[in-house]
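> Okay, sequence plus prediction incoming.
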Amino acid sequence: MILLVDIGNSRIKWAQLHGGKPVEIKAMIRGKTGIKRDLSKAWKGLESISQVIVANVGGSKVAEQLREWSQSNWQITPEFLIARSNGYGVRNAYSIPEDLGIDRWLGLIAVRQRYRNVDHNSAICIIDCGTAITVDVLAAGGKHLGGLIVPGLVSMSKLLVDNTAGVNEINGKMEHSLLASTTSAAVNAGALYATISFIDRINSDVAAEVKGEFKRIITGGDALRILPLLRDKYEHLPDLVLWGLAQVARNTVSKAKQTTSVDYATP
Ligand SMILES: Nc1ncnc2c1ncn2[C@@H]1O[C@H](COP(=O)(O)OP(=O)(O)O)[C@@H](O)[C@H]1O
Ligand SMILES: CC(C)(COP(=O)(O)O)[C@@H](O)C(=O)NCCC(=O)O
Ligand SMILES: [K+]
């Protein structure tokens, strides 16, 4: 069974590849540096893993921890994907393609695959609400036009806690009040307002840029908190990165099959 792993800066999400799709999708908050204990807790029940395919934006230390854990528990070396200049019908806007977050690259691949035959003449705007909030725009023909990065909801509050004397413990309630009367509510509402006004404004500017209707997709751990407050209509696609991983994994599996079948076929 192929394990698909999406390591973000706050959480690890994983799924099994079944019928070309990510199934048994799970998530856990991860430690900032050490993840081996998290992995042993979450993955000890997993059996007959044949391959581990990873999208990691958590840095090299975390990658090393996963590699060591997978080798010692499953004798498998994980495959870490990186963004390419083009692939799966997507052309990367970055002049240094591998600089694009692999989570963003796989999100583009996932939406390209999802809408390729359904509606191939509208652009797509993807909002991924995680540790950071990323925006990526895909033109109708699969050309990535680029995107933006801002701190996510929790990161914004953490920024104030870490950098000001007056803002300390913030409760995670994320209430959305216009004018707050406690520090925690003021920070939470401020983060929400900053986020929704950023996203609403980006959407109106993207609409001008791409001329005409375009699809709006929202994903990431904070999507459900943000979605109800946004002005425009969005399709909520949870676990978009895992769908992109499934797309790439399916391709590598079929390639592997081809090569083995060709080996048998050649005299
Ligand atoms: N069950 C949960 N436990 C922890 N955080 C959660 C949970 N559900 C949603 N979240 C939110 O998801 C955010 C992380 O989203 P995610 O997309 O997983 O981030 P990343 O990909 O950056 O690790 C957290 O900041 C938190 O606000
Ligand atoms: C912007 C990100 C940190 C978002 O990561 P996440 O919020 O999912 O943890 C990640 O996509 C990343 O590390 N990108 C590399 C820089 C770039 O995409 O330009
Ligand atoms: K960083």
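All right, it came through fine. Ligands and ions are numbered 1, 2, ... in the order given.
> CA only for contacts and neighbour counts going forward, please
Will do.
> Give me the pLDDT value at the nearest residue to residue 100 once chain neighbours are set aside.
Among residues not flanking residue 100 along the chain, residue 83 sits closest, at 6.1 Å (C-alpha to C-alpha, 6 or more residues apart in numbering). Residue 83 is assigned a predicted lDDT (pLDDT) of 98.
> need the contact list for residue 83.
Applying C-alpha atoms under 8 Å, 6 or more residues apart in numbering, we find residue 83 in contact with 97-102, 105-106.
> Could you tell me which residues of the chain lie near ligand 1?
Counting by C-alpha under 6 Å from any ligand atom, the chain comes close to ligand 1 at 8-11, 29, 129-132, 154, 220-222.
> interface residues of the stretch 51-200 of the chain facing ligand 2?
Counting by C-alpha under 6 Å from any ligand atom, the residues of the stretch 51-200 of the chain that sit close to ligand 2 are 57, 99-101, 103-104, 130-133, 149.
> And the strands in the protein, which stretches?
Here the chain has its strands, by DSSP state E, at 2-7, 11-18, 21-29, 51-56, 79-80, 86-87, 90-91, 123-129, 132-138, 144-151, 214-219, 235-236.
> just the angle between the fourth one and strand 11-18, please?
The one in question is strand 51-56. Angle, strand 51-56 to strand 11-18, by axes from the mean of the first three to the mean of the last three C-alpha atoms, to 10 degrees: 150 degrees.
> Restrict strand 51-56 to CA atoms and write it as PDB.
Only the C-alpha atoms of strand 51-56 are listed here, as PDB (Å, rounded to 0.1, in the frame of the first residue of the first chain):
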ATOM      1  CA  GLN A  51       6.100   3.100  -0.800                       C
ATOM      2  CA  VAL A  52       6.100   6.500   1.100                       C
ATOM      3  CA  ILE A  53       5.600   9.500  -1.200                       C
ATOM      4  CA  VAL A  54       6.000  12.900   0.600                       C
ATOM      5  CA  ALA A  55       5.200  16.600   0.100                       C
ATOM      6  CA  ASN A  56       7.300  18.300   2.800                       C
END
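> Point out the other helices and strands that the longest helix seen in the chain packs with.
If you go by DSSP state H, the chain has its longest helix at helix 183-210. Packed against helix 183-210 by the contact rule (3 or more C-alpha pairs under 8 Å, 6 or more residues apart in numbering; DSSP states H and E) you find helix 153-163, helix 223-226.
> got the domain boundaries for the chain?
Domain segmentation of the chain under automatic domain parsing yields 1-118+239-267, 120-236.
> circling back: weed out the non-buried ones from the residues of the chain next to ligand 1.
8-11, 129-132, 154, 220-222 (16 or more other C-alpha atoms under 10 Å).
> ok, so of those residues, who is nearest residue 248?
Nearest to residue 248 out of those is residue 8 (C-alpha to C-alpha; 18.2 Å).
> and the closest one, what does it touch?
56-58, 130-131.
> Mark which of the residues of the stretch 51-200 of the chain next to ligand 2 are buried, thanks.
57, 100-101, 103-104, 130-133.
> In helices only, show me the residues you listed.
Reading helices off those with DSSP H, I get 103-104.
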